[in-house]
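**Student:** Coordinates for the following, if possible.
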Amino acid sequence: MTKDDESRLIKAARRGDEEAYEKLVIEHQKLVYNLALKITGSAEDALDVSQDVFLKAYLNLKSFREDSRLSVWLYRLTHNACMDHIRRTRPKNVFSLTGDADGQGEAYDVPDPSPLPSEEAERREVSRAVWDAIDKLPPDKREVLVMREISGMTYAEIASALKIEEGTVKSRLSRSRLALAEILKSSGTFFGGPQSNIVKGGR
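**Tutor:** Numbering: from 1, shown residues only. This is a model prediction of the structure:
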């Protein structure tokens, strides 16, 4: 789907055209589901999150800025929806551990080594700062960074989606990481944990 086609469908969906929105869902449902599955680790949870994301997207479509592709906006909605879903549904301070490598043995409940509430709050703050910084990137840099680092798409997949060469993807991604690092540095954000992989190109 070209950007012009996408823009036309978005405008139609904003006017209440459900068929147009359905086409947008079909175009992006695989990407949203795969990201949700990657974050939640559960097919059932990923399906629930995907449905929630597309409902929220439909209700808030008027707030979408068309300076980048719809997928970039959907990735952020999906990330936030996954975090909300995990906090809402996962038990606190305990997790199950099976007795063998195949996950078939007797299950035990052991203390969860998850971060303390204060640490989790700090992590969310850093995550929010990174997303705010990503939003400040030019559309072309923001798009390729989200597709690679958030969605986990390969260079070949990104090149195919954007209709550019893989070499262009790599160089654009490198410039995007540098630009993001500069924004984070200027904002005084400390990035030394998992979020720093985005800046360093950890994958």
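**Student:** and the residue most central in space within the chain, what does it touch?
**Tutor:** Nearest to the geometric centre of the chain sits Tyr75, at 3.8 Å (C-alpha atoms, centre = their mean). Neighbouring residues of Tyr75 by C-beta atoms under 8 Å, 6 or more residues apart in numbering: Leu31, Val32, Leu35, Val146, Met147, Ile150, Ser151. Every C-beta, even on glycine, is put in place using the N, C-alpha and C of the backbone.
**Student:** So which of those residues are in helices?
**Tutor:** Using DSSP state H, the subset of the contacts of Tyr75 located in helices is Leu31, Val32, Leu35.
**Student:** Strands of the protein, start to end?
**Tutor:** Along the chain, the segments classed as strands by DSSP state E run 94-98, 107-111.
**Student:** Check the burial of Arg87 by counting its neighbours.
**Tutor:** Neighbourhood size, Arg87 [other C-beta atoms under 10 Å]: 11.
**Student:** can you tell me which residues contact Arg128?
**Tutor:** Not one residue lies near Arg128 by C-beta under 8 Å, 6+ apart.
**Student:** So for the residue nearest to the centre of the chain, what pLDDT did the model give?
**Tutor:** Listed pLDDT for Tyr75 reads 81.
**Student:** and the gap between it and His28?
**Tutor:** Noted for Tyr75: a distance of 9 Å to His28, by C-beta to C-beta, to the nearest Å.
**Student:** Quick check: neighbours shared by those two?
**Tutor:** By C-beta under 8 Å, 6+ apart, no residue touches both Tyr75 and His28.
**Student:** right, and Leu77 touches Leu55 too?
**Tutor:** No: in this structure, Leu77 is not within contact of Leu55 by C-beta atoms under 8 Å, at 10.1 Å.
**Student:** Of these two, which one has the most company?
**Tutor:** Of the pair Leu77 and Leu55, Leu77 is the one with more neighbours under other C-beta under 10 Å, namely 18 against 11.
**Student:** Report the separation between the more buried one and Leu61.
**Tutor:** 11 Å.
**Student:** Please apply the same query to Leu55.
**Tutor:** 11 Å.
**Student:** cool, Gly152 as well?
**Tutor:** 25 Å.
**Student:** Identify the residue spatially nearest to Ser152, adjacent ones excluded.
**Tutor:** Residue 152: Gly, not Ser. Leaving aside its chain neighbours, Gly152 sits nearest to Lys38 (6.1 Å; criterion: C-beta to C-beta, 6 or more residues apart in numbering).
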